[in-house]
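Undergrad: here is my input; please provide its structure:
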Amino acid sequence: MIILVTGAGGPTGEAVTGYFRKNGHTVIGVDKEQVDLLDRAAVRQLAESVDREYGRVDGVVHLVGGWRGSATFAETSLEDWDVLHDLLIRTLQHVSLAFEPLLRRSGNGRFVIVSAKAAERPAAGGAVYAAAKAAAEAWTLALADALSGTGSAATILVVNALVNDAMRAAKPDARFTGFTDVNDLAAAIGGLYDRPAAEINGMRLDLTS
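TA: Below you'll find the model as predicted:
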């Protein structure tokens, strides 16, 4: 399979790219040093390059993330909203719009974003983050509707937060209760290929339970 991973430079991206490469798939890992996902023309060029070389894409795992928050609701910074709008929404829009035609050509394609429980239960100080995640979910559900009836699916994976080995090493006494390990997330993404597209298209799969 041909798998595109955006946000591939961080620990989560490394876990996901490693998972798919270990299982024999071709992975195109993209980070901000390679392609500016806020530049729609650059993202289109990336899609055109993948199209020329492979003619399709079997997976797009969008891992571009970020967090901003405040101590109270009244102290919310709308500058933080601008940052998260770009990171969590605009990059998603550019990537999904460019790669939807390639996903449609796959007989078993998957588009995946990672969302947060905060989108359904926002905290007072996390308004900008929760709102951005909710908007990203809505956009992904619209993509799912576009993929309905094809062999591909768009799915939302929900976590409280993610943890990796470097975080554990930095805080050896921390319990990270309720966190999802990045390797477990990678395995969950891989597991989406074991289920029919129609079953998981538009699904919000909670990894916290």
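Undergrad: what's near enough to touch the closest residue to Glu14 other than its chain neighbours?
TA: Counting by CB to CB, 6 or more residues apart in numbering, Ala8 is the residue found nearest to Glu14 once chain neighbours are left out, at 7.2 Å. The way it works is simple: take the backbone N, C-alpha and C, and place the C-beta from them, glycine included. Going by CB atoms under 8 Å, 6 or more residues apart in numbering, Ala8 touches Glu14, Val16, Thr17, Gly29, Val30, Asp31, Leu63.
Undergrad: now those: which count as buried?
TA: Listed as buried from these are Glu14, Val16, Thr17, Gly29, Val30, Asp31, Leu63; burial here means 16 or more other CB atoms under 10 Å.
Undergrad: Serialize those to JSON lines and add fields for pLDDT, secondary structure and distance to Trp139.
TA: Output for these, formatted as JSON lines (pLDDT from 0 to 100; DSSP: H, G, I helix; E, B strand; the rest coil; distance: CB to CB, whole Å):
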{"residue": "Glu14", "pLDDT": "96", "secondary structure": "helix", "distance to Trp139": "25"}
{"residue": "Val16", "pLDDT": "98", "secondary structure": "helix", "distance to Trp139": "20"}
{"residue": "Thr17", "pLDDT": "97", "secondary structure": "helix", "distance to Trp139": "24"}
{"residue": "Gly29", "pLDDT": "97", "secondary structure": "strand", "distance to Trp139": "23"}
{"residue": "Val30", "pLDDT": "97", "secondary structure": "strand", "distance to Trp139": "19"}
{"residue": "Asp31", "pLDDT": "93", "secondary structure": "coil", "distance to Trp139": "21"}
{"residue": "Leu63", "pLDDT": "97", "secondary structure": "coil", "distance to Trp139": "15"}
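Undergrad: let me know the closest of those residues to Val50.
TA: For the buried ones among the contacts of Ala8, the residue nearest Val50 by CB to CB is Val30; the value is 10.2 Å.
Undergrad: do you know how far that closest one is from Asn183?
TA: Distance from Val30 to Asn183, counting by CB to CB, to the nearest Å: 21 Å.
Undergrad: all helices for this structure, in order.
TA: 11-22, 40-54, 78-84, 91-105, 127-147, 165-170, 182-191, 197-200 (DSSP state H).
Undergrad: distance to Ala153 added to the ones you listed, as JSON lines?
TA: JSON lines is the format used below for the helices of the chain (distance: least, CB to CB, whole Å):
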{"stretch": "helix 11-22", "distance to Ala153": "17"}
{"stretch": "helix 40-54", "distance to Ala153": "19"}
{"stretch": "helix 78-84", "distance to Ala153": "26"}
{"stretch": "helix 91-105", "distance to Ala153": "9"}
{"stretch": "helix 127-147", "distance to Ala153": "6"}
{"stretch": "helix 165-170", "distance to Ala153": "30"}
{"stretch": "helix 182-191", "distance to Ala153": "12"}
{"stretch": "helix 197-200", "distance to Ala153": "4"}
